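> Here's a sequence, model it:
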Amino acid sequence: MRSGIHPPYGPVVFRDKAADFAFLTRSTATSEKTVLWEDGNTYPVIDVEVSSASHPFYTGQQRVLDTAGRVERFERRYGGAR
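The predicted structure follows:
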């Protein structure tokens with residue numbers, strides 16, 4: 001690999017607040033927010049909306065999403081042309 005062209009690769013915590021689930025992995029994604037992990041170290045944390053702990057495919061449970069807000073935002077953006 002050429003030096004100086006790749007983003008830094010380090011430990012990051014991904015947290016799913018809906019399912020109260022978090023896991024530590026390595027990634028090039030970064031964040032200004034940090035969290036104190038179980039091992040006593042502080043890592044950057046990235047909040048995600050869906051993870052394996054909350055996705056219906058893995059949990060077998062249906063979850064209601066806020067589709068009304070998405071439809072209104074779409075109509076505002078594109079004028080609700082019919």
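
> For the rest of this, base every contact and every neighbour count on C-alpha atoms.
Will do.

> Checking residue 76 next. Helix, strand or coil?
helix (DSSP: H, G, I helix; E, B strand; the rest coil).

> what do you get for residue 73?
At residue 73 the chain is in helix, as set by three-state DSSP.

> what's the distance between it and residue 79?
Counting by CA to CA, to the nearest Å, the gap from residue 73 to residue 79 is 10 Å.

> The two: who's more crowded?
Higher neighbour count among residue 73 and residue 79: residue 73, with 13 against 10, using other CA atoms under 10 Å.

> Do you know the pLDDT at that one?
Confidence at residue 73, expressed as pLDDT, is 81.

> and what of residue 15?
Per-residue confidence for residue 15 comes out at a pLDDT of 91.

> repeat for residue 6
89.

> Ok, residue 24 next?
Taken from the predicted model, the pLDDT recorded for residue 24 is 94.

> what about it, neighbour count?
Considering only other CA under 10 Å, residue 24 is surrounded by 15 other residues.

> What lies in contact with the helix or strand harbouring it?
Under the criterion DSSP states H and E, the helix or strand holding residue 24 is strand 21-27. Identification of contacts with strand 21-27 by CA atoms under 8 Å, 6 or more residues apart in numbering yields 9-16, 53.

> So which of those wins on neighbours?
Result: residue 13 is most packed of these (other CA under 10 Å), 24 neighbours.

> Quick check: the spatially most central residue of the chain vs residue 77, distance?
Relative to the mean C-alpha position of the chain, the nearest C-alpha, by CA atoms, centre = their mean, is the one of residue 48, at 1.9 Å. When CA to CA is the yardstick, residue 48 and residue 77 sit 25 Å from each other.

> coming back round to it: now render the contacts of strand 21-27 as JSON lines, adding distance to residue 33 and secondary structure.
As requested, these are exported to JSON lines (distance: CA to CA, whole Å; DSSP: H, G, I helix; E, B strand; the rest coil):
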{"residue": "9", "distance to residue 33": "17", "secondary structure": "coil"}
{"residue": "10", "distance to residue 33": "15", "secondary structure": "strand"}
{"residue": "11", "distance to residue 33": "13", "secondary structure": "strand"}
{"residue": "12", "distance to residue 33": "11", "secondary structure": "strand"}
{"residue": "13", "distance to residue 33": "10", "secondary structure": "strand"}
{"residue": "14", "distance to residue 33": "11", "secondary structure": "strand"}
{"residue": "15", "distance to residue 33": "12", "secondary structure": "strand"}
{"residue": "16", "distance to residue 33": "14", "secondary structure": "strand"}
{"residue": "53", "distance to residue 33": "22", "secondary structure": "coil"}
